[in-house]
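> Sequence first, then the predicted structure, then my questions.
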Amino acid sequence: MAYDLVVIGSGPGGYVCAVKAAQLGLKVAVVEKRATYGGTCLNIGCIPSKALLHASEMFAHAAHGMDALGVEVSAPKLNLEKMMAHKDATVKSNVDGVSFLFKKNKIDGFIGTGRIVSAGKVSVTGDDGKVQELEAKNIVIATGSDVAGIPGVNVEIDEKVIISSTGGIALEKVPAHLIVVGGGVIGMELGSVWSRLGAKVTVVEYLDKLLGGMDGDVSKQFQRMMAKQGMDIRTDAKVTGVEKTANGAKVTYEPVKGGDAQTLEADVVLIATGRKPYTAGLGLEEAGVKLDNRGRVEIDGHFKTNVDGIYAIGDVVRGPMLAHKAEDEGVAIAEIIAGQHGHVNYDVIPGVVYTQPEVASVGKTEEELKAAGIAYKVGKFPFTANGRARAMLATDGFVKILADKDTDRVLGGHIVGFGAGEMIHEIAVLMEFGGSSEDLGRTCHAHPTMSEAVKEAALATFFKPIHM
Ligand code: NAI
């Protein structure tokens with residue numbers, strides 16, 4: 001079969017690329033190894049974790065959050081099986097949605113392992129061992145990433161006692177004690193799920209703060225809030241060993257600043273120390289496709305590898321490992337292949353941590369601006385001074401805006417607070433249009449909304465906030 005484009009991998013990068021290319025009139029095929037489309041994100045990542053984050057938040061809210069509002073309920077009872085069934089149903093409706101989009105756009109889907117035979121040729125090996133060959137004018141590698149494990153430490157993940165995020169969304173009972181290795185995004189999201197459902201959660205993090213890449217003020221506030229929610233957080237702690245024991249597992253860590261090694265025991269240990277590009281079995285070496293020094297497929301500014309007709313996007317290439325970054329790259333490469341001018345603005349890619357409260361960020365952090373020697377001004381506004389937040393008892397957190405000192409152009413926005421992941425987008429749109437903090441501060445915001453704190457932070461950046 002001959003195609004204009006064969007996409008390998010059907011995660012947010014791959015399936016969005018396929019849909020966009022088909023919309024632009026190309027004949028498209030997608031090869032997917034998993035039985036269902038949607039990749040890590042839809043099957044075992046973003047989507048199922050959000051189903052559990054929402055459900056566990058409802059559970060915690062019913063237990064602790066309603067009394068102060070005058071809603072007295074008896075202690076909620078957990079039905080974990082039903083919660084998991086909700087998660088599975090959410091996954092199913094999303095992966096079915098991708099199949100629907102393929103049919104609607106006349107995209108041929110092939111379930112099997114894709115391998116690049118050479119530029120222009122992809123083979124698909126099905127579960128039954130049967131091999132099909134597809135002719136492809138263009139090939140897009142969108143194979144995503146896999147669990148990286150702990151650098152330099154030999155850990156055997158069995159997904160029952162020593163788990164990755166995959167096991168972390170499928171535990172059959174709430175662990176009494178969960179140790180989370182790595183206080184990054186996965187660790188803090190899944191740690192939150194099990195903490196809300198009753199587990200004692202200990203987070204062991206190598207850096208001196210949680211959510212390493214985030215703005216320093218955000219990390220600090222976040223750590224305080226997570227500790228207040230009952231998590232035992234140990235930073236400056238390098239995990240050097242994780243072993244199974246008779247009753248669970250043992251974690252050994254060394255204080256980064258020196259001192260004796262410590263051990264902790266728990267019934268379950270979550271390894272959340274990053275992900276690595278997934279290129280195994282793709283035939284890249286034989287096809288002559290170059291990888292960079294971190295095992296990622298090397299691409300130029302237009303997603304092209306060193307081999308003509310072969311492109312790559314998403315977690316398998318440089319940049320943040322985020323579903324929406326992959327989606328935007330998928331759209332851009334489809335446009336480029338169709339003869340248009342696809343482009344991704346890497347300066348405006350929001351990042352959200354779906355804890356409660358949420359953390360959301362776009363653009364530069366204060367630390368990055370300092371390191372780059374850019375003169376900036378800062379405006380901050382706390383939710384304690386926001387009427388809607390008070391009414392909802394959601395006053396934890398703040399909005400922080402960073403703008404160029406001379407031009408007032410907004411360079412970064414950071415929000416810790418209820419609904420931060422939705423509020424961040426007005427800052428993203430403003431930044432796409434090169435807007436200033438004055439533009440944002442003079443934009444009328446509906447009252448009473450949480451978003452008024454974004455406006456007030458902008459007012460604080462170029463002059464003074466009204467409500468503080
Ligand atoms: P991460 O890179 O966010 O965090 C890993 C953490 O592990 C780091 O803080 C690191 O310092 C720590 N670490 C590494 N070695 C260690 C050791 N020996 N001892 C103690 N700590 C150690 O990676 P994570 O959370 O596994 O997520 C993987 C990728 O998936 C990330 O790129 C993340 O952005 C993405 N993701 C995004 C989500 C979102 O946008 N909401 C949700 C889940 C994942």
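Cool, got the structure. Residues are numbered from 1 along each chain as shown.

> Could you check the pLDDT of the closest residue to His447 other than its chain neighbours?
For His447, ignoring the flanking residues on the chain, the nearest one in space by CB to CB, 6 or more residues apart in numbering is Gly387 at 7.5 Å. (C-beta placed from N, C-alpha, C; glycine too.) With respect to pLDDT, Gly387 scores 98.

> same question, the one 10 residues further on
Here the pLDDT value assigned to Gly397 is 98.

> So which residues of the stretch 251-400 of the chain form strands?
Listed in chain order, the strands of the stretch 251-400 of the chain (DSSP state E, counting those that start in this stretch) span 262-266, 268-271, 275-277, 310-312, 351-353, 358-363, 376-382, 398-404.

> Output the second one as PDB, restricted to C-alpha atoms.
Taking Å, rounded to 0.1, in the frame of the first residue of the first chain, the C-alpha atoms of strand 268-271 are listed here in PDB:
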ATOM      1  CA  VAL A 268       4.800   0.100  47.600                       C
ATOM      2  CA  VAL A 269       7.500   2.300  45.900                       C
ATOM      3  CA  LEU A 270       6.800   4.500  42.900                       C
ATOM      4  CA  ILE A 271       9.700   5.200  40.700                       C
END
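
> I'd like to know which elements it is packed against.
Packed against strand 268-271, as judged by 3 or more CB pairs under 8 Å, 6 or more residues apart in numbering; DSSP states H and E, are the following elements: strand 162-163, helix 165-168, strand 177-181, helix 185-196, strand 249-255.

> residues in contact with it?
Contact partners of strand 268-271, identified using CB atoms under 8 Å, 6 or more residues apart in numbering, comprise 147, 149-150, 155, 157, 161-165, 167-168, 171, 175, 177-182, 186-187, 190-191, 242, 248-249, 251.

> Check which strands are paired with it and give the direction for each one.
Paired with strand 268-271 in the same sheet, following DSSP bridges, are strand 162-163 (parallel), strand 177-181 (parallel).

> again, but for the fifth one
The sheet places strand 351-353 alongside strand 358-363 (antiparallel), with pairing taken from DSSP bridges.

> In this structure Val316 contacts Val140, no?
No: using CB atoms under 8 Å as the test, Val316 is too far from Val140 to be in contact (10.3 Å).

> still on that earlier bit, closest to Leu78 out of the strands paired with strand 268-271?
strand 177-181 (15.2 Å; CB to CB).

> Dump the C-alpha coordinates for the closest one into CSV.
The C-alpha coordinates for strand 177-181 follow below in CSV (Å, rounded to 0.1, in the frame of the first residue of the first chain):
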residue,chain,number,x,y,z
HIS,A,177,2.9,3.5,53.0
LEU,A,178,3.9,4.6,49.6
ILE,A,179,7.4,5.9,48.9
VAL,A,180,7.7,8.1,45.8
VAL,A,181,11.2,8.3,44.4
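
> List the buried residues for stretch 25-43?
Buried residues in stretch 25-43, defined by neighbour count with 16 or more other CB atoms under 10 Å: 26-34, 36-43.

> okay, now the domains of the protein?
Annotated domains of the chain cover 2-146+276-337, 162-273, 351-462 [automatic domain parsing].

> And the last one, end to end?
I take that to be domain 351-462. 25 Å (CA to CA, to the nearest Å).

> Just the element for Leu134, please.
Applying DSSP states H and E as the criterion places Leu134 in strand 131-141.

> I'd like the next helix or strand past that strand.
Immediately after strand 131-141, counting by DSSP H and E, sits strand 145-147.

> elements contacting that next one?
Secondary-structure packing of strand 145-147 (3+ CB pairs under 8 Å, 6+ apart): strand 275-277.

> what lines up beside the strand it packs on in the sheet?
If you go by DSSP bridges, strand 275-277 pairs up with strand 145-147 (antiparallel).

> pLDDT on the strand it pairs with, on average?
In the prediction, strand 145-147 has an average pLDDT of 97.

> Residues touching it, excluding its own?
40, 157, 164-166, 271, 275-278, 315-316, 321.

> Going by neighbour count, list what's buried in stretch 342-351.
If you call a residue buried by 16+ other CB under 10 Å, then stretch 342-351 has these buried ones: 342, 344, 348-351.

> and what of stretch 83-100?
83-84, 87, 90-91, 94-95, 98-99.

> Sitting in helices, which of those do you find?
Under the assignment DSSP state H, the buried residues of stretch 83-100 contribute 83-84, 87, 90-91, 94-95, 98-99 to helices.

> Model confidence score at the residue of the stretch 51-200 of the chain found nearest the ligand, please.
Closest approach between the stretch 51-200 of the chain and the ligand, counting by CB to the nearest ligand atom: Gly184, at 1.9 Å. Looking at Gly184, its pLDDT reads 98.

> List the residues that contact it.
Shown in contact with Gly184 (CB under 8 Å, 6+ apart): 205, 210-212, 272-274.

> Can you give me the neighbour number for the nearest residue in space to Tyr354 that is not next to it in sequence?
Of all residues not flanking Tyr354 in the chain, Leu53 sits nearest, at 5.2 Å (CB to CB, 6+ apart). For Leu53, the neighbour count with other CB atoms under 10 Å is 21.

> separation between Leu53 and Gly342?
To Gly342, Leu53 is 32 Å away according to CB to CB, to the nearest Å.

> Then Lys87?
34 Å.

> Equivalent analysis for Ile107, please.
For Ile107, the distance to Gly342 - CB to CB - is 18 Å.

> Lys250 against Glu265, yeah?
Yes: the criterion here is CB under 8 Å, and Lys250 meets it with Glu265 at 5.3 Å.

> which of the two has more neighbours?
Under the criterion of other CB under 10 Å, the comparison of Lys250 against Glu265 puts Lys250 first, with 16 against 13.

> show me what contacts the more buried one?
Contacts of Lys250 by CB under 8 Å, 6+ apart are 241-244, 263-265.

> Can I get the buried part of the residues you listed as one PyMOL selection?
Applying 16+ other CB under 10 Å to the contacts of Lys250, the buried members can be selected in PyMOL as follows:
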select buried, resi 242+264
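
> Distance to Lys130 for the contacts of Lys250 - can I get that in CSV?
Output for the contacts of Lys250, formatted as CSV (distance: CB to CB, whole Å):
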residue, distance to Lys130
Gly241, 44
Val242, 40
Glu243, 42
Lys244, 39
Thr263, 50
Leu264, 49
Glu265, 48
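
> Can you tell me which of the contacts of Lys250 is closest to Phe381?
When the contacts of Lys250 are compared against Phe381 (criterion: CB to CB), the nearest one is Leu264, at 38.8 Å.

> Please tell me how far the closest one sits from the ligand.
Applying CB to the nearest ligand atom, to the nearest Å, one obtains 12 Å for the distance of Leu264 from the ligand.

> number of nearby residues for the closest residue to that residue other than its chain neighbours?
Take Leu264 and drop its neighbours on the chain: the residue closest to it by CB to CB, 6+ apart is Val251, 4.9 Å away. The number of residues packed near Val251 is 24, by other CB under 10 Å.

> what would the contacts of Lys250 look like in a markdown table with pLDDT?
Rendered in a markdown table, the data for those read as follows (pLDDT from 0 to 100):
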| residue | pLDDT |
| --- | --- |
| Gly241 | 98 |
| Val242 | 98 |
| Glu243 | 97 |
| Lys244 | 97 |
| Thr263 | 98 |
| Leu264 | 98 |
| Glu265 | 98 |
